[in-house]
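>>> Structure for this input, please:
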Amino acid sequence: MQPSPHPAPSSPSWWTGPIFSELAIALFPVLTYYAAVSSRLPARVAVHFNEYGIPTRFADKDSMDALLGFIGLGILGFLIGKVLRLIILLLIHFSRNENNRRIGAKMATYVEFFLVVLFSYLCLAIQKTSLTNTVSLGDTAKVIFIGMNIFLLLMVNVCPKIAPNKWLGIRTPYAFSSDEAWVRVQRLGGRFLFCGSLFNILVTLFLPGSFPVIFMFNMASLLLQALVIFLWKPHRNRTEIPPSSGSGAC
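From the prediction side, this is the model:
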């Protein structure tokens, strides 16, 4: 009986991914705009706001500036997601570790799906703002950063499974000191991502609706987590040299 051949390395799709579901999400703002929003808008609409939600620039509702915000952001998120997918898959293309190739493909799918959902949400938020003439940047910021932390929670599932490599994972000086150190750092990073992301979600929910406050809290929290992981090293037990029998106390 001949031995079964080794399975060939998997080759994740360079372009497609969850293309049909992503296209449906990306095109949803286009459908809502032409079905319900366009006819209810004034001739000139706000296309830019400052950090306090005050309009700073206006344009014709059929201009490219307006259409980019009203219908184009979902498509833009779709395209950016596909470009990032290509970059991630290119980085892992020459990896000899089949496990890392699978993880890289999963990360690429997470990234592109997150981006198309985020950009489509921003597109719908702009449509709502133009219809109601009210801006709530704080609520929008909460949705964005809560979504970002949910995305990081998804990454918790893949961090501890990554084998040592040049591109994926938490790459600190200590992590590259040995294979055991690499595993310990990835597991620590997974725990930090999980606890830190849940903490950020809960705090963001109860923060006042101010874009600068929400932005600064989440950025400071993420930077602090990254700094702790980068500087972390386990305590090493030092072997004490026993005193010689001939030495006496001073």
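
>>> Each with direction, which strands does the lowest-mean-pLDDT helix or strand in the chain pair with?
Sorting the helices and strands of the chain by mean pLDDT, DSSP states H and E puts strand 44-49 at the bottom, at a mean of 79. Strand 44-49 sits in its sheet next to strand 55-60 (antiparallel), going by DSSP bridges.

>>> So which bits of the least confident helix or strand of the chain are buried?
45-47, 49 (16 or more other Cβ atoms under 10 Å). For the C-beta atoms, the positions are set from N, CA and C on the backbone; glycine is no exception.

>>> Now do the helices in this structure.
Applying DSSP state H to the chain gives helices spanning 19-32, 64-67, 73-92, 98-132, 137-155, 179-206, 211-231.

>>> what's the least confident stretch among the ones you listed?
Of all the helices of the chain, helix 64-67 carries the lowest average pLDDT, namely a mean of 83.

>>> And it, what does it pack against?
strand 44-49, strand 55-60 (3 or more Cβ pairs under 8 Å, 6 or more residues apart in numbering; DSSP states H and E).

>>> domains in the chain, as residue ranges please.
11-134, 136-233 (automatic domain parsing).

>>> With adjacent residues omitted, what lies nearest to Leu152?
Leaving aside its sequence neighbours, Leu152 sits nearest to Ser197 (Cβ to Cβ, 6 or more residues apart in numbering; 4.5 Å).

>>> what does stretch 207-220 contact?
Residues outside stretch 207-220 that contact it (Cβ atoms under 8 Å, 6 or more residues apart in numbering): 51-53, 136-142, 145, 148-149, 200, 203-204.

>>> again, only this time at 10 Å
By Cβ atoms under 10 Å, 6 or more residues apart in numbering, the residues outside stretch 207-220 that reach it are 49-53, 136-142, 144-146, 148-149, 200-201, 203-204.

>>> same thing with stretch 149-158?
Stretch 149-158 is contacted by residues 100, 102-104, 106-107, 109-111, 113-115, 117-118, 159, 168-169, 186, 189-202, 204, 218, 221-222, 225 when judged by Cβ under 10 Å, 6+ apart.

>>> Only the buried subset of those residues, as a ChimeraX command please.
In ChimeraX syntax, the buried subset of the contacts of stretch 149-158 is picked out as below (16+ other Cβ under 10 Å):
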select :100,102,103,104,106,107,109,110,111,113,114,115,117,118,159,168,169,186,189,190,192,193,194,196,197,200,201,204,218,221,222,225
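
>>> ok, Leu84 touching Val111?
Yes. If you go by Cβ atoms under 10 Å, Leu84 and Val111 touch, sitting 5.2 Å apart.

>>> Can you dump the C-alpha atoms of stretch 91-109 in CSV for me?
Output in CSV follows, covering the C-alpha atoms of stretch 91-109 (Å, rounded to 0.1, in the frame of the first residue of the first chain):
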residue,chain,number,x,y,z
LEU,A,91,3.9,38.9,2.8
ILE,A,92,3.0,35.3,3.7
HIS,A,93,3.3,34.0,0.1
PHE,A,94,6.8,32.6,0.6
SER,A,95,6.2,31.3,4.1
ARG,A,96,7.1,27.6,4.5
ASN,A,97,4.8,27.3,7.5
GLU,A,98,1.3,26.2,6.4
ASN,A,99,-0.2,27.3,9.7
ASN,A,100,1.0,30.9,9.1
ARG,A,101,-0.3,30.9,5.6
ARG,A,102,-3.8,30.0,6.9
ILE,A,103,-3.6,32.6,9.7
GLY,A,104,-2.5,35.2,7.2
ALA,A,105,-5.4,34.5,4.9
LYS,A,106,-7.8,34.7,7.9
MET,A,107,-6.3,38.0,9.0
ALA,A,108,-6.6,39.4,5.4
THR,A,109,-10.3,38.4,5.4
